[in-house]
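Student: Take a look and give me a structure for this.
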Amino acid sequence: MFASCADPSSLNGLSWLMCYLFTGKHLMFYASFLTVLLLLAIAAPVSLLFGFGGALASRSRNAPLRWLGKGYTAMVRGVPDIVFFLFVPVALDQGFEWLRHKVKCPDWDQPIRQGADFLVCSQAKLPLSSSPQVYHEIYGFTLAVIAFALVFGAFAANVLSGAMNAVPRAQLETAEAYGMSQRQITRRILIPQMWSYALPGLSNLWMILIKATPLLFLLGVEDIVYWARELGATKSNIYAYPHPDWRLWYFLGLLCFYLAMTSVSERVLSRLTVKLSRGQATALGEAQRKAAQ
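Tutor: So this is what the prediction gives:
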């Protein structure tokens with residue numbers, strides 16, 4: 001904060017507003033936009049990786065692997081997202097602490113579960129109580145990313161599986177007739193061909209992922225929704241910069257942010273769809289071929 005902002009009571013008008021917008025809490029609010037972008041940058045490729053694994057597993061000739069892939073897709077798609085978003089971080093946190101407890105405290109003679117409480121030795125806590133706050137925030141964010149990846153990975157698996165089934169069977173049979181192995185067919189024929197069929201579904205999934213980022217607030221991560229609610233609420237006299245209820249304006253700012261994100265995404269995905277459809281046996285590919293004649 002600027003030195004001139006030390007005494008808010010001596011400020012008014014634009015000077016007060018400028019000082020208010022550059023308080024330490026507001027800087028954290030601005031940084032929380034990067035948290036959302038970081039979540040998207042990490043969760044999207046990890047979700048796609050889970051989706052690939054689920055789609056390939058559901059097509060496997062190995063029955064247990066095929067059941068696992070189909071079970072993962074069906075289970076996550078059949079349960080409300082919010083249940084997984086709340087369950088996965090808690091389950092992973094307790095699972096990690098239980099494993100650490102077994103290693104670091106083998107002499108512990110008390111039950112870990114005591115009623116509704118989950119108690120492990122202090123050395124097994126994640127992160128340790130003596131760890132800096134930044135480690136607690138990174139750990140919570142990591143659990144949130146895993147939860148997002150598991151949920152959206154199941155939807156991506158369903159999209160990718162449908163796209164793989166849409167690839168003309170004749171192309172796969174031709175590759176097989178040329179002596180290519182199943183792995184070669186998957187890597188050289190199936191996966192490159194499927195993208196034009198998968199992109200519309202993946203585009204919708206990306207939009208849903210953007211709109212789901214406010215759920216970080218429910219997972220204990222201080223994201224843009226958290227700070228908009230805290231900073232926009234009416235302040236009492238204990239705060240240096242009291243103001244009326246400004247939550248409408250803060251959430252209006254979030255509305256503009258998400259609209260801008262979806263607008264840019266639509267333009268990028270539209271161009272990518274056109275590029276991937278060139279030469280493909282799809283409606284858009286046929287339209288491009290006719291236009292070129």
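
Student: And the helices in the stretch 151-293 of the chain, which stretches?
Tutor: For the stretch 151-293 of the chain, the helices defined by DSSP state H, counting those that start in this stretch occupy 169-177, 182-185, 191-212, 224-232, 247-277, 283-292.

Student: what is the orientation angle of the fourth one with helix 247-277?
Tutor: Calculated by axes from the mean of the first three to the mean of the last three CA atoms, to 10 degrees, helix 224-232 forms an angle of 160 degrees with helix 247-277.

Student: any idea which of the helices of the stretch 151-293 of the chain is most buried?
Tutor: helix 224-232 (a mean of 20; mean count of other CB atoms under 10 Å). No exception for glycine: its C-beta is placed from N, CA and C like everyone else's.

Student: Check which helices and strands that helix is in contact with.
Tutor: Using 3 or more CB pairs under 8 Å, 6 or more residues apart in numbering; DSSP states H and E as the contact test, the elements touching helix 224-232 are helix 24-58, helix 247-277.

Student: Quick check: next helix or strand after the longest one?
Tutor: Sequence-wise, the next helix or strand beyond helix 24-58 is helix 63-78, with elements assigned using DSSP states H and E.

Student: Point out where the protein drops to low pLDDT.
Tutor: 1-4, 6-11, 236-238, 277-293 (pLDDT under 70).

Student: one step back: to L216, which of the helices and strands packed on helix 224-232 lies closest?
Tutor: helix 24-58 (6.6 Å; CB to CB).

Student: how big is the angle separating the closest one from helix 191-212?
Tutor: Using the same axes, to 10 degrees: helix 24-58 against helix 191-212 is 140 degrees.

Student: May I see the buried residues of helix 24-58?
Tutor: By 16 or more other CB atoms under 10 Å, the buried positions in helix 24-58 come out as 26, 29, 32, 35-36, 39-40, 42-44, 46-48, 50-51, 53-58.

Student: That one to helix 63-78, inter-axis angle?
Tutor: Using the same axes, to 10 degrees: helix 24-58 against helix 63-78 is 140 degrees.

Student: Count the residues that sit near the closest residue to W108 other than its chain neighbours.
Tutor: Excluding its sequence neighbours, the residue lying closest to W108 (CB to CB, 6 or more residues apart in numbering) is C121, at 5.7 Å. Neighbourhood size, C121 [other CB atoms under 10 Å]: 15.

Student: State whether C121 and V103 are indeed in contact, as I suppose.
Tutor: No. Between C121 and V103 there is no contact under CB atoms under 8 Å: 10.6 Å.

Student: Now do the end-to-end distance for stretch 18-26.
Tutor: When the termini of stretch 18-26 are compared using CA to CA, to the nearest Å, they are 11 Å apart.

Student: Can you tell me the closest non-neighbouring residue to W195?
Tutor: L276 (5.2 Å).

Student: how about the residue nearest to W108, phi and psi?
Tutor: Backbone geometry at C121, expressed as degrees, to the nearest 10, gives phi -70, psi 160.

Student: That one: what's it in contact with?
Tutor: H101, K104, C105, W108 (CB atoms under 8 Å, 6 or more residues apart in numbering).

Student: Helices - which of those residues land there?
Tutor: If you go by DSSP state H, those have H101, K104 in helices.

Student: Please identify, among the contacts of C121, the one with the most neighbours.
Tutor: H101 (19 neighbours).

Student: Pull the contacting residues for it.
Tutor: Going by CB under 8 Å, 6+ apart, the list of residues near H101 reads W108, I112, V120, C121, A124.

Student: Mind putting the residues you listed into JSON lines with distance to Y139?
Tutor: Below are those laid out as JSON lines (distance: CB to CB, whole Å):
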{"residue": "W108", "distance to Y139": "22"}
{"residue": "I112", "distance to Y139": "20"}
{"residue": "V120", "distance to Y139": "15"}
{"residue": "C121", "distance to Y139": "18"}
{"residue": "A124", "distance to Y139": "14"}
